[in-house]
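[1] please work out how this folds:
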Amino acid sequence: MLEILAALSASAAGGMRIALPLLVIGLTRQASLWSEVPILWRIHPQVVLGVLVSWTLCELILAKSLMGQRVQQIVQLLFSPLAGAILGVAVAWRFGMDSWLAGLIGAVGGALALVIQLVQTGWFFRLRGLPIWVSLAQDVLSVALVLLAFDAPQQGGIIALLLLWLALRSSTVWRQWYLQQAEPGALSRKGSGPDPRQGKSAPD
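    You can find the predicted model right below:
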């Protein structure tokens, strides 16, 4: 059970950031670097280090402007499932899990990372940009989740599950907010409830 919680903790970090948790998980291995990380172990460590460091710096720079955050959200939305799966499998391998179980955990971890990233993207468009302190908190949390995956997997897994719960709560809040935009008397085509899109030509 602790192994699964550890994998979920690392995968949740992939939903926050892409390059930073992969960089941390490699550096914590010290001499072996990314030798036990799927896909990355096939690439020369110096190349992986250069790419991840550059990508991490780009993530930090893009977070300072609205347009940069928009680009960052798109890139993270595309690559967060892959990062979450890689991190989950790497931790599963570290704890000696079988290949088939590690693959299953990787799939679940990728889905978890995607859900977390979708929530961040939703709040980005809902708030029309995220404050700088939120981006800094994401950086700190992504590093903490990777470290907890190895040092305190139970706590890290609980945080990952809490993030999933917050994601589900956010989807409910967004639906209520969306329905509140409907004009009084506006019904959907099925007549079962209000239609927030009635009378609108631009996207929300």
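[2] ok, and what's touching stretch 54-71?
    17-20, 23, 72, 124, 128-130, 132, 135, 139 (Cβ atoms under 8 Å, 6 or more residues apart in numbering). For every residue, glycine as well, the C-beta is placed using N, CA and C.
[3] among those residues, which lie within helices?
    Judged by DSSP state H, helices contain the following of the contacts of stretch 54-71: Ala19, Leu20, Leu23, Gln72, Phe124, Ile132, Ser135, Asp139.
[4] once you drop chain neighbours, what's closest to the first one?
    Closest residue to Ala19 in three dimensions, ignoring its sequence neighbours and counting by Cβ to Cβ, 6 or more residues apart in numbering: Trp55, at 3.5 Å.
[5] do the same with the fourth one
    Take Gln72 and drop its neighbours on the chain: the residue closest to it by Cβ to Cβ, 6+ apart is Leu62, 4.3 Å away.
[6] tell me how many other residues crowd Asp151.
    Applying other Cβ atoms under 10 Å, we find 11 residues neighbouring Asp151.
[7] for Ala144, see how far away it is.
    10 Å (Cβ to Cβ, to the nearest Å).
[8] got it, and Ala167?
    In terms of Cβ to Cβ, Ala167 sits 18 Å off from Ala144.
[9] what does Ser32 give?
    In terms of Cβ to Cβ, Ser32 sits 22 Å off from Ala144.
[10] equivalent analysis for Ala63, please.
    For Ala63, the distance to Ala144 - Cβ to Cβ - is 18 Å.
[11] please name the nearest non-neighbouring residue to Gly129.
    Using Cβ to Cβ, 6+ apart, the closest residue to Gly129 is Leu66 (4.7 Å).
[12] got a pLDDT number for that neighbour?
    The model reports Leu66 with a pLDDT of 82.
[13] nothing else from me, thank you.
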